[in-house]
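Engineer: test case, fold it:
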Amino acid sequence: MEAMPRHQLDLVFGALADPTRRAILGRLAQGDATVNELVAPFNLAQPTISKHLKVLERAGLVSRGRNAQFRPVHLNPAPLADAARWLGDYRRFWEVSLDQLAEYVALLEQREAEENDHDRD
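Structural biologist: I've put the predicted structure just below:
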């Protein structure tokens, strides 16, 4: 699978930076919803939710369909998977770094214990 283009990754993380947009994605993870259904849990006007949806659409995280007179909003999880893969690369880096740090701390503790034992003699 091809890596997500950098500008697309920027759009995804920019979209995820807002708690309202993350909550919208959380709701859409349960199933498609109309804009009015997405407005209901928030103390925001419909145009404000629509602006959030446009940001999510630009990032490729949601799409709007057509179902008779309704335009349900649908979650597109692929960009989230791409972002998770990108983060996973850094997770591996930090896990290795933290493992090395833990080994170093254990070595220091062992040396300190040996010095304490030596001082008691």
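Engineer: which one's the longest helix in the protein?
Structural biologist: For the chain, the helix with the greatest residue count under DSSP state H is helix 78-120.
Engineer: low-confidence bits of this protein, can you list those?
Structural biologist: Filtered on pLDDT under 70, the chain yields the residue ranges 1-4, 67-68, 121.
Engineer: try 80 this time
Structural biologist: Across the chain, the ranges flagged by pLDDT under 80 are 1-5, 66-70, 92, 117-121.
Engineer: distance between stretch 94-106 and the chain's centre?
Structural biologist: 25 Å (C-alpha atoms, centre = their mean, to the nearest Å).
Engineer: how many residues are close by D119?
Structural biologist: Residues near D119, counting by other C-beta atoms under 10 Å, number 7. Just so you know, the C-beta spots here come from the backbone N, C-alpha and C atoms, and that holds for glycine as well.
Engineer: just the CA trace of the helix or strand harbouring R21, in CSV.
Structural biologist: For R21, the element it lies in under DSSP states H and E is helix 19-28. Extracted in CSV, the C-alpha atoms of helix 19-28 (Å, rounded to 0.1, in the frame of the first residue of the first chain):
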residue,chain,number,x,y,z
PRO,A,19,-12.7,17.9,19.5
THR,A,20,-16.0,18.5,17.7
ARG,A,21,-14.7,16.9,14.6
ARG,A,22,-13.4,13.9,16.6
ALA,A,23,-16.8,13.6,18.2
ILE,A,24,-18.5,13.7,14.8
LEU,A,25,-16.2,10.9,13.6
GLY,A,26,-17.0,8.9,16.8
ARG,A,27,-20.7,9.3,16.0
LEU,A,28,-20.2,8.2,12.4
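Engineer: which SS class is G31?
Structural biologist: Here G31 is recorded as coil under DSSP: H, G, I helix; E, B strand; the rest coil.
Engineer: what's around it, how many residues?
Structural biologist: Neighbour tally, G31, other C-beta under 10 Å: 10.
Engineer: ditto for R71
Structural biologist: R71 has 13 neighbours, counted by other C-beta under 10 Å.
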